[in-house]
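> Following is a predicted model, sequence given first.
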Amino acid sequence: MSDLGSEELEEEGENDLGDYEGDRNEAGERHGHGKARLPNGDTYEGSYEFGKRHGQGVYRFKNGARYIGEYVKNKKHGQGTFIYPDGSRYEGEWADDQKHGHGVYYYVNNDTYTGEWFAHQRHGQGTYFYAETGSKYVGTWVNGQQEGAAELIHLNHRYQGKFFNKNPVGPGKYVFDIGCEQHGEYRLTDMERGEEEEEEETLVSAIPKWKATKITELALWTPTLPEEPPPADGPGREEPPRAEGAGEPGEEAQAPTEGSETDVRPGEEDADMLMDESRDEIRYDTDQGNMNFEEEDPRQSDAPE
């Protein structure tokens, strides 16, 4: 089931009464605790108020999905858990029948998203955890997409920068556990096309490519991403106050391009491994959040999109 969710599973309306057993008020309306079997095969057991689902209740869909939580005037509102037929589930806040506020979504593949929701979509600050790799995207979401200042936290390094439409864009840096940082930027370049393809007006997907510029000591990071951030007293980092979310790991970043400045502290010989191939690039896997490393063909150029 899509994490965009329960809007695909409509509950019966207030006029679809079906069979009912339970409390009623003086006007004969369903009021108090009761059980209902609706004409479409769904069932509801819980609180009613003036003929409408109101308060705590359990709504079971005939396809196996169910909602356990609070209702206000027949709509999911407040705290609740929605379990989908495929086993995925959402636990958190609801407003006007939609996931809205803070909540956690548990996916079938054991991935999780923890953070803010708006109108059924991941929106605001959130963390996406990739179960297969143990990596995280920590940062901003807009209309369900990774967008804004964020960190991709991997097993032995992390990427700090900005994202747009799920892709890293612009200046950023890789922070390595060995005690150094690689600065650079992601540029969007078009995929190669043949002569026949160039004559046709077709959509061409852009591939983010990493271009390294220099290696420095560890420094504190802020969402403003200054070109030359001040060095920190120690190897620690500062989390952006408004960026928390998750993504998948990639491989270690390549060294800066030829002619770039480097500033690696003595005793960090491991950092030399980052500079074996100065013309290598990193490509971003939009499906999984991976940073994939590919050697650049010297015959190709990197015209930004």
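Sure thing, it's come through.
> quick one: buried residues of stretch 146-155?
Within stretch 146-155, the residues that qualify as buried by neighbour count (16 or more other C-beta atoms under 10 Å) are 146-154. Backbone N, C-alpha and C define where each C-beta goes, glycine included.
> Apologies, that question was intended for stretch 114-127.
By neighbour count, and taking 16+ other C-beta under 10 Å as the criterion, the buried residues in stretch 114-127 are 114-118, 120-127.
> and what of stretch 95-102?
Of the residues in stretch 95-102, those scored as buried under the neighbour-count criterion (16+ other C-beta under 10 Å) are 95, 97-100.
> of all those residues, which comes closest to K76?
For the buried residues of stretch 95-102, the minimum distance to K76 (C-beta to C-beta) is 5.1 Å, reached by D97.
> residue ranges of the strands in the stretch 1-150 of the chain, please?
Assigned by DSSP state E, counting those that start in this stretch, the stretch 1-150 of the chain shows strands spanning 19-24, 30-37, 43-49, 52-60, 66-72, 75-83, 89-95, 98-106, 112-118, 121-130, 135-142, 145-153.
> looking at those, which is closest to A219?
For A219, the closest of the strands of the stretch 1-150 of the chain is strand 145-153, at 14.3 Å, according to C-beta to C-beta.
> Name every strand pairing with that closest one and say which way it goes.
Here strand 145-153 is paired, per DSSP bridges, with strand 135-142 (antiparallel), strand 157-164 (antiparallel).
> Test my guess that G115 contacts W141.
Yes. Counting by C-beta atoms under 8 Å, G115 does reach W141; the two are 7.0 Å apart.
> Can you check which residues contact both of the two?
Contact criterion C-beta atoms under 8 Å, 6 or more residues apart in numbering; residues shared by G115 and W141: 122, 124-126, 245.
> Need these in a markdown table (columns: pLDDT).
As requested, the shared contacts of G115 and W141 are arranged in a markdown table below (pLDDT from 0 to 100):
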| residue | pLDDT |
| --- | --- |
| R122 | 98 |
| G124 | 97 |
| Q125 | 98 |
| G126 | 98 |
| G245 | 36 |
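> In contact with the residue lying closest to H183 once chain neighbours are set aside: list those residues for me.
Nearest non-adjacent residue to H183, counting by C-beta to C-beta, 6 or more residues apart in numbering: K173, 4.7 Å away. Taking C-beta under 8 Å, 6+ apart as the contact definition, K173 lies against 159-161, 181-184, 221.
> any idea whether K173 is helix, strand or coil?
strand (DSSP: H, G, I helix; E, B strand; the rest coil).
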